[in-house]
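Q: generate coordinates for the sequence data below:
(chains A and B)
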Protein chains: 2
Amino acid sequence: MNLLSFWYFVVMYQPVSFAEKFARFAETFQPKVVAQMNDVQFKLVRVEGDFVWHSHPETDEAFLVIEGMLAIDFRDGRVELQPGELFVVPRGKEHKPFAAGETKILLIEPAGTQNTGDAGGAMTAPMDVWI
Amino acid sequence: MNLLSFWYFVVMYQPVSFAEKFARFAETFQPKVVAQMNDVQFKLVRVEGDFVWHSHPETDEAFLVIEGMLAIDFRDGRVELQPGELFVVPRGKEHKPFAAGETKILLIEPAGTQNTGDAGGAMTAPMDVWI
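A: The predicted model follows:
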């Protein structure tokens, strides 16, 4: 029996590497979709400086810090996130992200969620930009 | 005017710290819910050794490695995940997670998703265990 008979194909599936994806873009506040689970998208974002006050009346929004430090201001307080820390902003709650230095974050939220929510304006980024 | 008039309350919201949560349990293959976004739960799990072959006919399932290394075998191949790497297993795709050494992962999937999916058996863990 030829040993070649034992050969078979095995797919090596590729994971999404956050480091590899972040190396592909430099702009801040422009979410890039890197994966999707059902209707929920995983978006990498670079944050530096102040974002705008806004809310998402239709959905919660999860923030996970990959590198750096993110503050999210609310009308009644604040949360500060370091790498390996997660926070879910409830739907309808006004918030304003801020990072003193360049910070890398993962957003988890439904496809179709606009970065500026109900506020709109100049910082509104294109949606569904996959990298 | 009394300076006390300027005092006001600011809520310091607490993020979910993965390190702090992992310090609370040692058992493997027993997902702990740490946050929820809409109907999607964030579950921390320790993995060591082989899990069982199973699939989730009704939902995709996202794996993010926090520490260690996770392999997920499929009937036609495999994916290997290091820290900072993400993989979404499509609904209905049979898979078997494996970790040679103790590995810490974050699962992101809808509430009500059973760890053993359609397979059941002895490794089926209680659902909705929050820490």
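
Q: state which strand of chain A is the longest.
A: Ordering each strand of chain A by length in residues (DSSP state E) puts strand A:95-110 first.

Q: just want the angle from that one to strand B:95-110.
A: If you take axes from the mean of the first three to the mean of the last three Cα atoms, to 10 degrees, strand A:95-110 sits at 130 degrees to strand B:95-110.

Q: residue contacts, the residue positioned nearest the centre of chain A?
A: Central residue of chain A (Cα atoms, centre = their mean): A:L107, 2.5 Å from the mean position. Each residue near A:L107 by Cβ atoms under 8 Å, 6 or more residues apart in numbering or on different chains is listed here: A:31, A:41-45, A:61-64. Any C-beta I mention is one placed from the backbone N, CA and C, and that applies to glycine too.

Q: adjacent strands (with direction) for the least confident helix or strand in chain A by mean pLDDT?
A: The weakest-scoring helix or strand in chain A, judged by mean pLDDT, DSSP states H and E, is strand A:11-13 (a mean of 94). Sheet pairing here is set by DSSP bridges, and for strand A:11-13 it gives strand B:77-81 (parallel).

Q: still on that earlier bit, which parts of the longest strand of chain A are buried?
A: Neighbour-count burial for strand A:95-110, counted by 16 or more other Cβ atoms under 10 Å in any protein chain shown, picks out A:95-99, A:103-110.

Q: which one of these is nearest chain B?
A: Using Cβ to the nearest Cβ, A:I108 is the member of those that sits closest to chain B, with 6.2 Å.

Q: surely that closest one and B:I108 touch.
A: Yes: look at A:I108 against B:I108 with Cβ atoms under 8 Å: they come within range, at 6.5 Å.

Q: quick one on the thing from earlier: for the contacts of A:L107, work out which two are farthest apart.
A: Spatially, the most separated pair among these is A:L44 and A:E61, at 14.5 Å (Cβ to Cβ).

Q: quick one: the helices in chain A, in order.
A: Here chain A has its helices, by DSSP state H, at A:18-22.

Q: in it, where is pLDDT below threshold?
A: In the predicted model, chain A carries pLDDT under 70 at residues A:1-8.

Q: can you give me the strands for it?
A: A:11-13, A:16-17, A:32-37, A:40-50, A:61-67, A:70-74, A:77-81, A:85-89, A:95-110.

Q: so who does A:V45 touch?
A: So A:V45 contacts A:28-32, A:104-107, A:115 (Cβ under 8 Å, 6+ apart).

Q: try 10 Å
A: Residues counted as contacts of A:V45 (Cβ atoms under 10 Å, 6 or more residues apart in numbering or on different chains) are A:22, A:25, A:27-32, A:51, A:63, A:66, A:70, A:97, A:103-107, A:115, A:125.

Q: before we move on, what about A:K32?
A: Residues counted as contacts of A:K32 (Cβ under 10 Å, 6+ apart) are A:21-22, A:24-25, A:42-46, A:107, A:125, A:128-131.
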